[in-house]
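A.B. asks: The following comprises the amino acid sequence and a computationally predicted model.
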Amino acid sequence: MQIHSGGKGLSDGKMTESRFYIIGAGTAGLTAVRYIKKHAPKAYVGIFEAAAHPGGRCRSFYDAKLQCRVDNALHAILKANREALKIRGKGDFVYPAVFYDLKNRKLCRGIFQNYREIALALFNLPLEQTASEILRRSVCELFPFWNARKALFSDNKQSEYFINPQLIYADDITYGKVLKDIEGSGRATKLVFCKDALKLGKGDKVICAMDNFNTARIFGDMPLKHNPIINIHYRTSTPLTLPGGRQVIGVKGGLAQWVAVNGDIVSVIISDAGKYLNDDELAFKVWREVCRIRGTAAAFLPPYRMMKYRRATLCHDAETNARRPGDCRTVFENVFLAGDWTMKNLPCSIEAAALSGKRAAKAALSDK
């Protein structure tokens with residue numbers, strides 16, 4: 001089936017001034033939609049999403065096993081993350097720079113006392129392996145450092161915070177649309193999906209807001225190196241608390257790096273998790289650590305959901321960072337890239353995704 005762009009872009013019975021097609025309904029793609037609508041309100045903006053839902057890794061869903069709503073992955077927004085905060089809006093910040101030292105069984109406060117653990121959370125890679133350019137840029141973004149101490153953690157409402165507020169800006173969104181190819185020479189003329197295609201008009205623009213693996217497939221590039229993250233959600237019989245009544249606490253010397261409590265849901269993050277991907281007993285080992293932090297015995301393992309993301313973030317080492325795009329341009333003059341992985345010298349995050357969507361949208365709007 002052939003889809004012609006002339007049949008799209010209708011608003012109130014009249015043809016709109018421009019047509020923009022966004023491939024991917026994650027944070028990067030939705031930020032691009034919002035920016036385009038803000039600066040070109042009469043433009044038509046349509047989204048094609050490969051999955052059956054928006055959000056990518058930043059979303060919430062009902063887990064049938066746990067019988068509750070959970071976040072797909074635990075995320076944190078720092079006070080310094082200006083673009084992410086434009087999406088999230090104002091909120092109460094918690095202070096994440098408090099860690100529990102499992103070896104010494106005591107709380108350990110302060111950024112400089114826990115800088116290696118904080119770096120692992122920021123870069124999903126040990127500090128000594130992280131590219132110097134990323135380190136320098138991150139330090140500049142976080143200065144003054146009190147911005148690094150204030151963070152909003154997701155509390156099983158990621159879709160409500162980051163995704164749903166931006167969906168309203170799209171004119172259309174189509175799910176289950178897997179992009180297979182882009183045709184054209186110099187200028188893209190057709191988007192090829194699994195069962196149909198979209199013929200692009202002369203002034204149509206496309207923003208590819210897909211992950212690096214799928215973008216590399218479309219453009220014939222070698223995918224970049226990635227690092228995995230593991231998230232585990234436990235459903236307890238009663239609401240739990242962490243030392244000092246905190247909602248979130250870091251962990252020194254443990255398998256997990258962060259533990260967050262939201263009522264009877266306990267969520268943990270394991271960064272740089274490659275060595276744990278095949279560990280069948282990981283959920284029980286981590287639960288014993290949670291109980292040690294709380295000063296209780298691990299009598300039994302509660303129901304849990306473990307989510308392993310093999311390509312959670314890019315590997316933020318120097319070699320991989322050097323291969324990241326220098327800007328959002330592609331071989332097609334009317335196709336632009338977005339996604340946290342496209343923001344060279346920045347760690348992959350909600351902030352980087354939002355910045356990339358804004359950058360791609362600005363370029364698409366200025367392109368004549």
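C.D. replies: Happy to help now that I have it. Source: prediction; values computed, not measured. Numbers count the residues shown, from 1 in each chain.
A.B. asks: hey, where'd the strands end up in the stretch 1-150 of the chain?
C.D. replies: Per DSSP state E, counting those that start in this stretch, the stretch 1-150 of the chain carries strands over the ranges 2-4, 10-11, 14-15, 19-23, 44-49, 60-63, 68-71, 76-78, 98-101, 106-109.
A.B. asks: Revised request: answer the last question for the stretch 151-300 of the chain.
C.D. replies: Applying DSSP E, counting those that start in this stretch to the stretch 151-300 of the chain gives strands spanning 151-153, 172-175, 179-185, 187-193, 197-199, 205-208, 226-235, 248-252, 258-262, 265-270.
A.B. asks: Buried deepest among these, which one?
C.D. replies: Stretch with highest mean neighbour count among those: strand 205-208 (a mean of 27; mean count of other Cβ atoms under 10 Å). In this view, the C-beta of every residue, glycine as well, is placed from N, C-alpha and C.
A.B. asks: Strand partners (parallel or antiparallel) of it?
C.D. replies: Sheet pairing of strand 205-208 (DSSP bridges) gives strand 19-23 (parallel), strand 335-337 (parallel).
A.B. asks: how about the ones you listed, which one is nearest Gln113?
C.D. replies: strand 335-337 (39.0 Å; Cβ to Cβ).
A.B. asks: hang on, isn't Ser60 packed against His75?
C.D. replies: No. In this structure, Ser60 is not within contact of His75 by Cβ atoms under 8 Å, at 10.9 Å.
A.B. asks: which residues do these two both contact?
C.D. replies: Gln158 (Cβ atoms under 8 Å, 6 or more residues apart in numbering).
A.B. asks: Contacts for the longest helix seen in the chain, please.
C.D. replies: In the chain, taking DSSP state H as the definition, the longest helix is helix 350-366. Defining contact as Cβ under 8 Å, 6+ apart, one finds that helix 350-366 is touched by 20, 26-36, 39-40, 58, 75, 77-78, 81-84, 86-87, 162, 205, 207, 209, 327-329, 334, 336-340, 342-343, 346.
A.B. asks: mind listing what's buried in it?
C.D. replies: 350-365 (16 or more other Cβ atoms under 10 Å).
A.B. asks: list the contacts for the residue nearest to Ala312 when sequence neighbours are not counted?
C.D. replies: Nearest residue to Ala312, sequence neighbours excluded (Cβ to Cβ, 6 or more residues apart in numbering): Ile229, at 3.7 Å. Shown in contact with Ile229 (Cβ under 8 Å, 6+ apart): 73, 124, 269-273, 309, 312-313.
A.B. asks: Ile229 bridge partners, please.
C.D. replies: Beta-bridge pairing of Ile229 under DSSP bridges involves Tyr309.
A.B. asks: do the same with the one 4 residues further on
C.D. replies: Partner residues in beta bridges with His233: Ser267, Arg305, with DSSP bridges as the criterion.
A.B. asks: Verify the stated contact: it with Ser267.
C.D. replies: Yes. Using Cβ under 8 Å, His233 makes contact with Ser267 at a distance of 5.1 Å.
A.B. asks: Between those two, which contacts overlap?
C.D. replies: Counting by Cβ under 8 Å, 6+ apart, the residues touching both His233 and Ser267 are Val70.
A.B. asks: Now the buried members of the contacts of helix 350-366.
C.D. replies: Buried members of the contacts of helix 350-366, counted by 16+ other Cβ under 10 Å: 20, 26-36, 40, 58, 75, 77-78, 81, 83-84, 87, 162, 205, 207, 209, 328, 334, 336-340, 342-343, 346.
A.B. asks: Quick check: end-to-end length of stretch 267-282?
C.D. replies: 14 Å (Cα to Cα, to the nearest Å).
A.B. asks: Now do the buried residues in it.
C.D. replies: Neighbour-count burial for stretch 267-282 [16+ other Cβ under 10 Å]: 267-273, 276, 279, 282.
A.B. asks: Show me the contact partners of that stretch.
C.D. replies: 70-71, 73-74, 120-121, 124-126, 227-234, 255-261, 285-286, 290, 306, 308, 310.
A.B. asks: Tell me how many other residues surround Arg311.
C.D. replies: Neighbours of Arg311 under the rule other Cβ atoms under 10 Å: 18.
A.B. asks: Are we agreed that it is in a strand?
C.D. replies: Yes. Counting by DSSP: H, G, I helix; E, B strand; the rest coil, Arg311 is part of a strand.
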